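J.: take a look and give me a structure for this.
(chains A and B)
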Amino acid sequence: MAKPRLPEKRWTVDLEKRIQEAHYSDSGYDLRYGFNPDSGKEIFVIDTPPPYPSGTWHIGAVAQYSMIDVIARSQRLLGKEVFFPWGVDRNGINIEFTVEKKHGKKMRTYDRGDFIHLCRETIEEFTQAMRDTAARVGLSCDFAREYLTDSTEYRAVTQSIFSKLFKMGEIIEDLRPNIYDPVEKTTIADAEVERINRISKLVDIKWQTEDGEEVIISTTRPELICACGIVAVHPDDDRYSHLVGKKIILPVEVEGRDNFVNIVTHPSVKSEFGSGVLMVCSFGDQNDVAVFRELGLKPFQAIDLDGCMTSISGPLTGMKVKDARESVIESLEQQGRIHQIQEKEQEVPVSERGKNPVETILLKEWYVRQTHIQERMKEHIEEINFVPPRNKQFLLDWMQNISIDWPISRRRWYHTEIPIWYSEDESKVIVAPSGTYVQPWREEPPSGSDVLDRESREMLGSWDELKDDLGKVVGESKVFDTWMDSSNSNLFVSGYLNQPDVFDKAFPTSLRPQGKEIVRTWLYYTLLKSTLLLDKPGFSNVWIDGLGMDPWGRKMSKSLGNGIDADTVLECGASGRTGSWKIKGTDGKQVQLKANKIGSECFRLWKACDAQVGDDFHINPEEIEAKYFGVLTKLFNVARFASQFEVPDDLDSTPSHLNIEDRWILSEFSMCMSQVQENWSALDIYSATQALKNFGTGILPSHWLEMAKTRLYDGDQSAAWTIHRIVRDFMAAFSPVCPFFSHHITSTLYESSAVDVRKFPETPIVCDSDLCALSNSIQEFNSATWKQKKDAGLSLNAPIEGISIPTDLVDFTDVLTAMHKLE
RNA sequence: GGGCCCGUGGUCUAGUGGUUAUGACAACGCCCUUACAAGGCGUGGAUCACCGGUUCAAAUCCGGUCGGGCCCA
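T.: Sure, this is the predicted structure:
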């Protein structure tokens, strides 16, 4: 036996790491994977989801990312000029909390500039960990052009977009109910609210109607009676129908408002809850907000920004909400107005990070208008190709629910600042010029800023001319919701503002890959922006993957104790280390999972092969190893086997003579490859990888290799050309899934790497459909013959008598006779 | 409470109207055959969650029930 040029007996995680390290330290990296907009090739820009650095990277996200890399690599293989950017999302409340926790000091006790500096330092440490994991899982991003969402360039784009939309009238200021965390002193988004169960007091209070009739109303928020806008009963509730239309007197002292409200019917009232009469206050819960809006009631401001009662609460003014509640109960008790008090477990909305009870209060905030543009957005969405098509529904469903504008201002610090200043009389605003990054809380408006009327947005002139007429200008201290930044990512990576010539070619952005859990935020807001700003769909393709779940189908979370850290899977098998994971099962018991070797190539192969895109996927390291490491071993050994035979000089031109079995397998291979090419074009990772896996671990080694073995050992040129041509082209087509594996094999055997192929291997080399039609017969005949040998107690390489070759395989008589030693 | 998605051998999975329902892992049996025992070959094993309907024909379409998941309230 000739010495194989692939010396390793099998693929290992250590080998993988060696190749990977060489790959990323190679000075040719940028040439290989960098974006060159002037190459003349079709441009394919991927709007990579910029990860938020927070210590460890979630395995489900890493799995999704590795599939985005498969798309990037497969599009390069198809000859496109791919921009696979590497961005990091660094704005937001998470890093603020991390810094507060690390130093044991609340944000507002710092100087704003010092705090921002601390955040920047801390997030940089986390960012480096993300970069390392990105490389470990084999991402072929353009790391040299890394972008950070807290950079001057990125924030300048966010601010410019704000200014443009403001001037267009698409951004407005308004006083509306918002969810507010009085401890962190900021507005928060719905997505940041969590519900926890707490024991609270349900107080039944005696009210009186204008006629003196006693009515009992149950509430957990008696301190909000002062902000009561209306009292409601269910329309079908006969007990109270005689009260409807009457006035009812508030049982507490109030200031600066009427001391009575009307009684109406409303379908949202639950008759069986308490007495069946509901007081609607601004704002006890989301239902109150809905009722106020629906009935056009003017809300009262009962709680201020410090979480204290306002003057309408009369004697409660200035008290913290909790103290006010105790106080009002006490005074009602003294007046004999308490019917009863029950301790009840109740869901309380709290802020996700601080666990502080949140309030819904009226705040003057900035909003992006969105309700007027839904139909136009839907028209644009119709032009986008969704993969898989059914996941488009998540977006359409969410859009059905849009009934209010998007609040975009936050009272935090480590975010992009709202780029606006107010004149001393507050009637005019100053807006920074496009392309600059400004910090209005500590800067004057820059030269080139515009002055506009605050209400009408009429352009009044330039800041440089008018600055002396505006009095003392005050910079906005609020910042943007982080989605305001994130939803520019496609514009930013496609060259908006910074590279207009590239933008012309690259927009709509070729691909938005993302998880389905952020359809209603990231995808929706991005599409909203492209409709408002450019009246175009934001993307050509949107690829929406499912979520990574634990082995039992539950979402991974800290509280369930079922999380798996990405690095433990990627490093499993390196330097002989095995992996072991303790995960809580569905019955609450710990289950120990163990694996010996996984690594990035096996992990990627698993994700590519195991489920259709868009479905939630269960992550079980044991299963990943069991099902897919063997596939790598198999493919590696086919290549290793091939590596002992000399590579023919000219693999690119088909030899004039090829044996029939070689023409057969080449035809099968051509069919497989055209399927793969089609699937790569359609972003169908699953089908492409399945086709390659089935060919490479099935028909090729089990059937053809067994036929060709003897000839290969005898130095047959036809067989040698066939196996090498197949291995070389197979690895090119397979390289998007397992780049380092393919790279190692092809650069060892053929002096050129599969990852550098920029044109899909040509097919057909030989494509004879008559031969493909015989594939089933061939496989059946082989299986039947092996079975007969087994039944006769013969070893597979023993001669056997009395087997006749089926008539349709008559052309294969010699081959099959030799292969099975038929006599 | 509302919306959406899903339910296929022990486990995971393919399959959106048409032969005997795909494949993988696990199980079992045989084999160290000059690439591979971290292999190979073979064998079992599923009334496609349940009930009803449409149809010549249903895993597939429709309605309902049950179970799981995600999102929202």
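
J.: my guess is A:Trp704 meets A:Ile665, correct?
T.: Yes - at 4.1 Å, A:Trp704 and A:Ile665 qualify as touching, with contact defined as Cβ atoms under 8 Å. C-beta: built from backbone N, CA, C; applies to glycine.

J.: more neighbours: which of those two?
T.: A:Ile665 (27 against 23; other Cβ atoms under 10 Å).

J.: leaving aside the residues next to it on the chain, what's closest to A:Ser160?
T.: A:Ser434 (4.3 Å; Cβ to Cβ, 6 or more residues apart in numbering).

J.: run the chain-centre distance for stretch A:622-639.
T.: Offset of stretch A:622-639 from its chain centre (Cα atoms, centre = their mean, to the nearest Å): 29 Å.

J.: buried sites along that stretch?
T.: Neighbour-count burial for stretch A:622-639, counted by 16 or more other Cβ atoms under 10 Å, picks out A:622, A:624-625, A:628-629, A:631-639.

J.: which SS class is the residue in chain A that RNA strand B sits nearest to?
T.: Nearest to RNA strand B in chain A, going by Cβ to the nearest atom of the strand, is A:Leu796, at a distance of 2.8 Å. At A:Leu796, secondary structure determined by DSSP: H, G, I helix; E, B strand; the rest coil is coil.

J.: and for it, the neighbour number?
T.: Neighbour tally, A:Leu796, other Cβ under 10 Å: 12.

J.: ok, it touching A:Trp786?
T.: Yes - between A:Leu796 and A:Trp786 there is a contact under Cβ under 8 Å: 6.3 Å.

J.: pull stretch A:236-253 out as PDB, backbone CA atoms only.
T.: Output of stretch A:236-253 as PDB, limited to C-alpha atoms (Å, rounded to 0.1, in the frame of the first residue of the first chain):
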ATOM      1  CA  ASP A 236     -74.000  42.100  30.900                       C
ATOM      2  CA  ASP A 237     -73.800  42.600  34.700                       C
ATOM      3  CA  ASP A 238     -77.400  43.100  35.800                       C
ATOM      4  CA  ARG A 239     -76.400  43.900  39.400                       C
ATOM      5  CA  TYR A 240     -75.100  47.200  38.400                       C
ATOM      6  CA  SER A 241     -77.000  48.200  35.200                       C
ATOM      7  CA  HIS A 242     -79.000  50.800  37.200                       C
ATOM      8  CA  LEU A 243     -75.800  52.600  38.100                       C
ATOM      9  CA  VAL A 244     -74.600  53.200  34.500                       C
ATOM     10  CA  GLY A 245     -74.600  56.900  33.500                       C
ATOM     11  CA  LYS A 246     -74.600  58.000  37.200                       C
ATOM     12  CA  LYS A 247     -71.700  59.800  38.900                       C
ATOM     13  CA  ILE A 248     -69.700  58.300  41.700                       C
ATOM     14  CA  ILE A 249     -67.800  60.200  44.300                       C
ATOM     15  CA  LEU A 250     -64.100  59.500  44.900                       C
ATOM     16  CA  PRO A 251     -63.700  58.200  48.500                       C
ATOM     17  CA  VAL A 252     -60.400  60.200  49.000                       C
ATOM     18  CA  GLU A 253     -59.400  63.800  49.100                       C
END
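
J.: so for stretch A:97-108, what's the average pLDDT?
T.: The average pLDDT within stretch A:97-108 is 86.

J.: equivalent analysis for stretch A:484-501, please.
T.: Stretch A:484-501 shows a mean pLDDT of 94.

J.: how far does that stretch stretch from start to finish?
T.: Stretch A:484-501 has an end-to-end distance of 25 Å (Cα to Cα, to the nearest Å).

J.: helices of the stretch 251-400 of chain A, start to end?
T.: A:286-295, A:321-334, A:374-382, A:392-400 (DSSP state H, counting those that start in this stretch).

J.: put together a markdown table for those helices, with mean pLDDT and mean neighbour count on each row.
T.: Output for these, formatted as a markdown table (pLDDT from 0 to 100; neighbours: other Cβ atoms under 10 Å):
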| stretch | mean pLDDT | mean neighbour count |
| --- | --- | --- |
| helix A:286-295 | 76 | 17 |
| helix A:321-334 | 91 | 16 |
| helix A:374-382 | 90 | 14 |
| helix A:392-400 | 81 | 15 |
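
J.: for those, give me CSV that also has distance to RNA strand B.
T.: What follows is those, written out as CSV (distance: least, Cβ to the nearest atom of the strand, whole Å):
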stretch, distance to RNA strand B
helix A:286-295, 3
helix A:321-334, 20
helix A:374-382, 16
helix A:392-400, 4
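
J.: in CSV: these, plus distance to A:Leu700.
T.: CSV is the format used below for the helices of the stretch 251-400 of chain A (distance: least, Cβ to Cβ, whole Å):
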stretch, distance to A:Leu700
helix A:286-295, 60
helix A:321-334, 72
helix A:374-382, 43
helix A:392-400, 38
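
J.: so which residues on the stretch 351-500 of chain A come close to RNA strand B?
T.: Residues of the stretch 351-500 of chain A lying close to RNA strand B by Cβ under 7 Å from any atom of the strand are A:389-390, A:393-394, A:397, A:401.

J.: on that earlier part again, now render the buried residues of stretch A:622-639 as CSV, adding pLDDT.
T.: Formatted as CSV, the buried residues of stretch A:622-639 follow (pLDDT from 0 to 100):
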residue, pLDDT
A:Glu622, 87
A:Ile624, 89
A:Glu625, 89
A:Tyr628, 90
A:Phe629, 92
A:Val631, 92
A:Leu632, 93
A:Thr633, 91
A:Lys634, 92
A:Leu635, 94
A:Phe636, 94
A:Asn637, 93
A:Val638, 93
A:Ala639, 94
